[in-house]
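1. Coordinates for the following, if possible.
(one chain, ligands or ions: 1)
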Amino acid sequence: MNSFKKVLLIILASSMLLSTVACAADSKDSDSAGSSSDLESSSASETAGTEKSDDKDTEKETKKETETKAPEKETSLVIPSVCKPLTEVPKFTAATYSATYPSGDGIQQLYYTGADASKINTYVNQLKTLGYVKTEDNSINGNRFVTCYGKGGLVHISYLNHNKSLSVILNELKNSVYKYDEPKYTRVTDQTLAVMSLDYDTHQDTVSGGNHDASGMSYVVTLEDGRYVIFDGGYGKAADHHILYNYLKDNNKRKDGKIVIAAWIFTHDHSDHYGGFVDFSSTYGTQVTLQYYLMNCGNKDRYDQKPSGWLPGTSADGGLPHYCLDVYFKTAKKIVPHTGQKIVFCNTVFEILSTQESHTPSKMQWVNDSSIIVRMTANGVKTVFLADAEAQTTKLLINMYGTSIKSDIMQIAHHGYSGGSVDLYQKINAKWSLWPTSQECFNERTSHGGNASSAKSQNVWAKQNTTCYVGDDKIEILKFVGGSAKISVSEYTPNKNKV
Ligand SMILES: [Zn+2]
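-> The predicted structure is shown next:
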């Protein structure tokens, strides 16, 4: 599960232009199209059409359905026309400067210790005088995360209370965008979370333990306007991508019939998470629209364990997801999420609890620890996705958030193999748990000798204290029906056939 040696034979299609009709509808003015809230450092923002709703059927539906606005964001944002470049952003003086860490994509992380958090407002005011606007301000358990944006780029301030560290992250947005707002949209369906079934019969990793290493992870969120957000998408070299596409197609509620993926979240650089995307791209890339993708893998120097193929230059395959994005999803925009930010699609909030940069100055012992940890809030229900968090990340999450990480649904860390802890799971205190592994491995995760011994106790705890969902031979769809921790569950039969 930790390497992806597959030689990808991609026939370069002569034209893979994707439809942009349904591309990011990001008008911050409610009724005027073309005012994009993808904030890039260049003055020219890309204009995207708003969601079309001019057919008769939709007009009828609109009467019954609510036009909704994404929550928790300001509705207008005025960016000063004059802005100093990021090179002129001052140091944070109420702390001890330690070092600057390159963080990939031209991003710099200025790291401080002994920070006085009460001086963050003063620092933000300094940024304002340079032409930057505060766009986000999120406090969790004594941590504080502030994002400022200007024509010079993005400044993200991350204060971690457990070690009094402060990072000033500078992103000129040359290779990525800052997504600020969501437009009004027409509600066509309920928010759901699909626990995808994977093709475990095919992709069991015999090298790492035969039937007892069924990894892979794929979850699909349906937004109220019918778009999707995908977590990872499954393993390569299997039918995971067929199962995924069939699900997207068969459950598409959009009036225009288009399959629109608002965002693809790549949690980290392991092929049991991005391999399905590689296969999906070459097979179905022309049949869907991908608007955004999220990655934050950082600089390769930040790892003790060499990444397997994600970062350019670290693998013979040159970073397969990047290659597929360049070939099949040319119009998709990259978001580099930072810890503490909230990224909103429709009214579903994706709060970033940790990225690789939260580990600074420590190196990540495992690539798994670079996992982007996300807490999703959908109709009042909180779901925390732990991806492949190992012990290092588990400890970090406890230190950063304590019991404020409480959620209703918890994705078990690292397929229930290692990572996670009873302490973390108790603090999350979820009623439901999602197990990204096969039914066979789920059954054995509390007893099998091949399992990491440290994982058994938390797996036992999770099985005893949560209702468990395992995506194997059936896709379970959790529908968020409103209020705190209210869900309903239905099943959908996975289809492994190529369409
Ligand atoms: Zn994995």
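2. For the residue lying closest to residue 346 once chain neighbours are set aside, give me its contacts.
-> In space, and not counting its chain neighbours, residue 346 is closest to residue 223: 4.2 Å by Cβ to Cβ, 6 or more residues apart in numbering. (C-beta placed from N, C-alpha, C; glycine too.) By Cβ atoms under 8 Å, 6 or more residues apart in numbering, the contact list for residue 223 reads 191, 229, 262, 345, 346, 348.
3. The ion contacts on the chain?
-> Neighbours of the ion within the chain, by Cβ under 5 Å from the ion: 215, 272, 388.
4. quick one: which of those residues sit in helices?
-> Mapping the residues of the chain next to the ion onto helices (DSSP state H) picks out residue 272.
5. Which one of the residues of the chain next to the ion is nearest to residue 438?
-> Proximity of those to residue 438 (Cβ to Cβ) peaks at residue 215, which lies at 9.1 Å.
6. Neighbours of the closest one, how many?
-> Neighbour count of residue 215, defined by other Cβ atoms under 10 Å: 27.
7. I figured it hits residue 415, correct?
-> Yes - using Cβ atoms under 8 Å, residue 215 is in contact with residue 415, at 5.0 Å.
8. and the residue nearest to residue 346, how far is that from residue 477?
-> 14 Å (Cβ to Cβ, to the nearest Å).
9. okay, now the domains of this protein?
-> For the chain, automatic domain parsing gives the domain ranges 86-175, 185-492.
10. Report the set of residues contacting both of residue 215 and residue 415.
-> Between them, residue 215 and residue 415 share the contacting residues 436, 437, judged by Cβ under 8 Å, 6+ apart.
11. give me the low-pLDDT residue ranges for the protein?
-> Filtered on pLDDT under 70, the chain yields the residue ranges 1-76, 204-213, 306-319, 447-454, 483-486.
12. For the helix or strand hosting residue 398, which helices and strands make contact with it?
-> Per DSSP states H and E: residue 398 is located in helix 391-401. Under the contact criterion of 3 or more Cβ pairs under 8 Å, 6 or more residues apart in numbering; DSSP states H and E, helix 391-401 touches strand 348-354, helix 422-428.
13. contacting residues around residue 291?
-> Contact analysis of residue 291 by Cβ under 8 Å, 6+ apart lists 23, 24, 227, 260, 261, 262, 263, 331, 332, 333.
14. The closest residue to residue 424 other than its chain neighbours and residue 298, how far apart?
-> Excluding the flanking residues, the one nearest residue 424 by Cβ to Cβ, 6+ apart is residue 394, at 5.0 Å. As judged by Cβ to Cβ, residue 394 and residue 298 stand 19 Å apart.
15. Also residue 277?
-> Distance of residue 277 to residue 298, computed by Cβ to Cβ: 19 Å.
16. same deal with residue 378?
-> Using Cβ to Cβ, residue 378 is found at 28 Å from residue 298.
17. Using JSON lines, lay out the helices and strands packed on helix 391-401 together with mean neighbour count.
-> Output for the helices and strands packed on helix 391-401, formatted as JSON lines (neighbours: other Cβ atoms under 10 Å):
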{"stretch": "strand 348-354", "mean neighbour count": "23"}
{"stretch": "helix 422-428", "mean neighbour count": "19"}
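18. Now the closest residue to the ion within the stretch 101-250 of the chain: phi and psi?
-> Closest residue of the stretch 101-250 of the chain to the ion, Cβ to the ion: residue 215 (4.4 Å). Backbone torsions for residue 215, taken as degrees, to the nearest 10, come to phi -100, psi -150.
19. And the helices in the protein?
-> Assigned helices in the chain, in chain order: 56-64, 120-129, 200-203, 240-250, 271-284, 320-328, 391-401, 422-428, 439-444, 453-465 (criterion: DSSP H).
20. between these, which gets nearest to residue 139?
-> helix 120-129 (10.1 Å).
21. so what does that closest one touch, helix or strand wise?
-> strand 133-140, strand 143-150, strand 153-160.
22. which parts of it are buried?
-> For helix 120-129, the neighbour count (16 or more other Cβ atoms under 10 Å) marks 120, 123, 124, 127 as buried.
23. Which stretch among the domains of the chain is buried most, on average?
-> domain 185-492 (a mean of 21; mean count of other Cβ atoms under 10 Å).
24. Compute the first-to-last residue distance for that one.
-> In domain 185-492, first residue to last residue: 27 Å (Cα to Cα, to the nearest Å).
25. Show me how far that domain is from its chain's centre.
-> Its chain's average C-alpha position is 8 Å from that of domain 185-492, according to Cα atoms, centre = their mean, to the nearest Å.
26. so who does residue 175 touch?
-> Applying Cβ under 8 Å, 6+ apart, the residues near residue 175 are 105, 106, 334.
27. ok, of the residues you listed, which one's closest to residue 179?
-> Of all the contacts of residue 175, the one with the least separation from residue 179 (Cβ to Cβ) is residue 334, at 10.2 Å.
28. pretty sure that closest one is in contact with residue 293, am I right?
-> Yes - proximity of residue 334 to residue 293 meets the contact threshold set by Cβ under 8 Å, at 5.9 Å.
29. if I look at these two, which residues touch both of them?
-> Common neighbours of residue 334 and residue 293, counting by Cβ under 8 Å, 6+ apart, are residue 325.
30. any idea which residue sits dead centre in the protein?
-> The C-alpha lying nearest the average C-alpha coordinate of the chain belongs to residue 265 (Cα atoms, centre = their mean; 3.7 Å).
31. now the closest residue to residue 482 other than its chain neighbours: how far from residue 248?
-> Closest residue to residue 482 apart from its sequence neighbours, by Cβ to Cβ, 6+ apart: residue 379 at 5.1 Å. As defined by Cβ to Cβ, residue 379 lies at a distance of 21 Å from residue 248.
32. quick revisit: could you export the helices and strands packed on helix 120-129 as a markdown table, including distance to residue 88?
-> Formatted as a markdown table, the helices and strands packed on helix 120-129 follow (distance: least, Cβ to Cβ, whole Å):
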| stretch | distance to residue 88 |
| --- | --- |
| strand 133-140 | 16 |
| strand 143-150 | 11 |
| strand 153-160 | 11 |
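33. so what's the nearest residue to residue 267 once chain neighbours are set aside up against?
-> Using Cβ to Cβ, 6+ apart and skipping the chain neighbours, the partner closest in space to residue 267 is residue 387 (3.8 Å). Applying Cβ under 8 Å, 6+ apart to residue 387 gives the contacts 217, 231-232, 267-268, 273, 368, 371-373, 411, 413-414.
34. From those, which land in strands?
-> Members of the contacts of residue 387 lying in strands (criterion: DSSP state E): 231, 232, 373, 411.
35. For those residues, work out which two are farthest apart.
-> For the ones in strands among the contacts of residue 387, the maximum inter-member distance is 13.2 Å, found between 232 and 373 (Cβ to Cβ).
36. In this structure residue 89 contacts residue 157, no?
-> No - between residue 89 and residue 157 there is no contact under Cβ under 8 Å: 10.6 Å.
37. shared neighbours, the two?
-> Counting by Cβ under 8 Å, 6+ apart, the shared contacts of residue 89 and residue 157 are residue 168.
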